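Colleague: Sequence first, then the predicted structure, then my questions.
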There are 2 protein chains.
Amino acid sequence: MKIYLAGPDVFLPDARAIGWRKAKICGQYGLVGLYPLDNAIELAAPDASLAIFRGNEVMMDAADAIVANLTPFRGAGADPGTAYELGYMAGRGKLCLGYSNDPATYVDRARRFVTVTPHDGRLVDAEGLTVEDFGLPDNLMLIHALDLHGSPLVMPKQAPADLWHDLTAFEACVRAAARRVA
Amino acid sequence: MKIYLAGPDVFLPDARAIGWRKAKICGQYGLVGLYPLDNAIELAAPDASLAIFRGNEVMMDAADAIVANLTPFRGAGADPGTAYELGYMAGRGKLCLGYSNDPATYVDRARRFVTVTPHDGRLVDAEGLTVEDFGLPDNLMLIHALDLHGSPLVMPKQAPADLWHDLTAFEACVRAAARRVA
């Protein structure tokens, strides 16, 4: 089984090293990890972003499953690029797995960035936009995509000291994927 | 042609009214708009979030195209739920269209929320994570999904006074969809 390794990990200073660690863990379970940065892209080329997109799509099409890192990225929710990829894989009928190293509910995450107040039976932010309040850790589309197209979101009981390098929850996803193969 | 109307519009105080306005514009071009809130969901039910997910997925499967509102939501980038839906529709081979009422680049959007500094030939935020700098308005996966699976992102030259209620860019997407039918 080939697993597409999605997440804002590609934005880390040690993005390549994280990819190698993830691929190594996949290997330990007899699976193959495909990591976006494994595509050779000339970043200075004028069409670099398009080449990255095409490379990622070819990788996703080649993969049987996705493990998406849905740890909140630069805000209350998951990285929109990763959310797109999770959707793409769900749409292609692939096995969808994911984890978040932040076990807080979406409401509690949102409170870190915006003022959340009750209004007319809803929770709203300062702009008056509803803050989703189903007790879920992120937007319901992401969470239930995992429930219905793969395996439920894996979260630690407590956020690990290193939110971006702790791969315990990631490994639990890989283990779940390996069980599907067996 | 049936168009799935995706976006954080569902979180607006007047979410239903926006849906009606969008569906009406679709009708003016001979198209049918499908809006998530048209599904009858009992919000107080214990499995409400799952019912919403299922309803949205049935709608997406019934639609031929998506018009995604990618206006930045509660941060620098698009709503992750909408990004998921754009990915799902791309994965299903549907026509992908989208707009953003904020024409700023991702880097400029990010600067509103985090400190962005140059480091080792990249732009990084305070956590040291790369700030994507391809001159695009959002994550490259979203932007190029539109380029390659439908029609390029529609943006106004300047952000409209009412970011959440101005439907000029939305209507341009509907017009582009209608041209595909003709």
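Modeller: Thanks, I have it.

Colleague: which parts of stretch A:113-133 are buried?
Modeller: Along stretch A:113-133, these residues count as buried under the neighbour rule (16 or more other C-beta atoms under 10 Å in any protein chain shown): A:113, A:114, A:116, A:122, A:123, A:124, A:125, A:129, A:130, A:131, A:132. Heads up, the C-betas are built off the backbone N, CA and C, glycines and all.

Colleague: same thing with stretch A:9-29?
Modeller: Of the residues in stretch A:9-29, those buried by neighbour count under the rule 16+ other C-beta under 10 Å are A:9-13, A:15, A:18-19, A:21-23, A:25-26, A:29.

Colleague: Now for the buried residues of stretch A:113-133: which two are most distant?
Modeller: In the buried residues of stretch A:113-133, two members sit farther apart than any others by C-beta to C-beta. They are A:113 and A:122, at 17.9 Å.

Colleague: on that earlier part again, could you single out the nearest of the buried residues of stretch A:9-29 to chain B?
Modeller: The nearest member of these to chain B, counting by C-beta to the nearest C-beta, is residue A:11 at 4.1 Å.

Colleague: what's the distance between the closest one and residue B:123?
Modeller: Here residue A:11 is placed at a distance of 10 Å from residue B:123 (C-beta to C-beta, to the nearest Å).

Colleague: Which residues are in contact with each of those two?
Modeller: Shared contacts of residue A:11 and residue B:123, defined by C-beta atoms under 8 Å, 6 or more residues apart in numbering or on different chains, are found at B:130, B:131.

Colleague: out of the buried residues of stretch A:113-133, which touch chain B?
Modeller: Among the buried residues of stretch A:113-133, the residues that sit close to chain B (C-beta under 8 Å from any C-beta of the partner chain) are A:113, A:114, A:124, A:125, A:129, A:130, A:131, A:132.

Colleague: Show the contacting residues for the residue lying closest to the second one once chain neighbours are set aside.
Modeller: Once its chain neighbours are removed from consideration, residue A:114 has its nearest residue in residue A:125; the separation is 4.4 Å (C-beta to C-beta, 6 or more residues apart in numbering or on different chains). Contact partners of residue A:125, counting by C-beta under 8 Å, 6+ apart, are A:110, A:114, A:115, A:116, A:131, B:74.

Colleague: likewise residue A:21?
Modeller: residue A:167.

Colleague: Secondary structure element holding it?
Modeller: Residue A:21 belongs to helix A:15-28 when elements are defined using DSSP states H and E.

Colleague: Could I get the average pLDDT for that helix?
Modeller: Computed over helix A:15-28, the mean pLDDT rounds to 97.

Colleague: C-terminal to that helix, what's the next element?
Modeller: Per DSSP H and E, the helix or strand that comes after helix A:15-28 is strand A:32-34.

Colleague: how deep is the residue of chain A found nearest chain B tucked in, by neighbour count?
Modeller: When distances are taken as C-beta to the nearest C-beta, chain A reaches nearest to chain B at residue A:91, 2.2 Å away. One way to gauge burial is a neighbour count; for residue A:91, by other C-beta atoms under 10 Å in any protein chain shown, it gives 24.

Colleague: How about residue A:135?
Modeller: Neighbourhood size, residue A:135 [other C-beta under 10 Å]: 9.

Colleague: which residues touch it?
Modeller: The neighbours of residue A:135, taking C-beta under 8 Å, 6+ apart as the test, are residue A:105.

Colleague: roughly how far apart are it and residue B:22?
Modeller: From residue A:135 over to residue B:22 (counting by C-beta to C-beta), the distance is 29 Å.

Colleague: Nearest spatial neighbour of the residue of chain A positioned farthest from its centre, chain-adjacent residues omitted?
Modeller: With distances taken from the mean C-alpha point of chain A and given as C-alpha atoms, centre = their mean, the most distant residue is residue A:120, at 32.8 Å. Beyond its immediate neighbours in the sequence, the residue positioned closest to residue A:120 (C-beta to C-beta, 6+ apart) is residue B:13, lying 7.9 Å away.

Colleague: surely that neighbour meets residue A:128?
Modeller: Yes - counting by C-beta atoms under 8 Å, a contact exists between residue B:13 and residue A:128, whose distance comes to 5.0 Å.

Colleague: before we move on, back to that, the residue nearest to residue A:120 belongs to a helix?
Modeller: No - membership of residue B:13 in a helix is not supported by DSSP: H, G, I helix; E, B strand; the rest coil, which gives coil.

Colleague: who's in contact with it?
Modeller: Here residue B:13 is in contact with A:120, A:124, A:128, A:129, A:130 (criterion: C-beta under 8 Å, 6+ apart).
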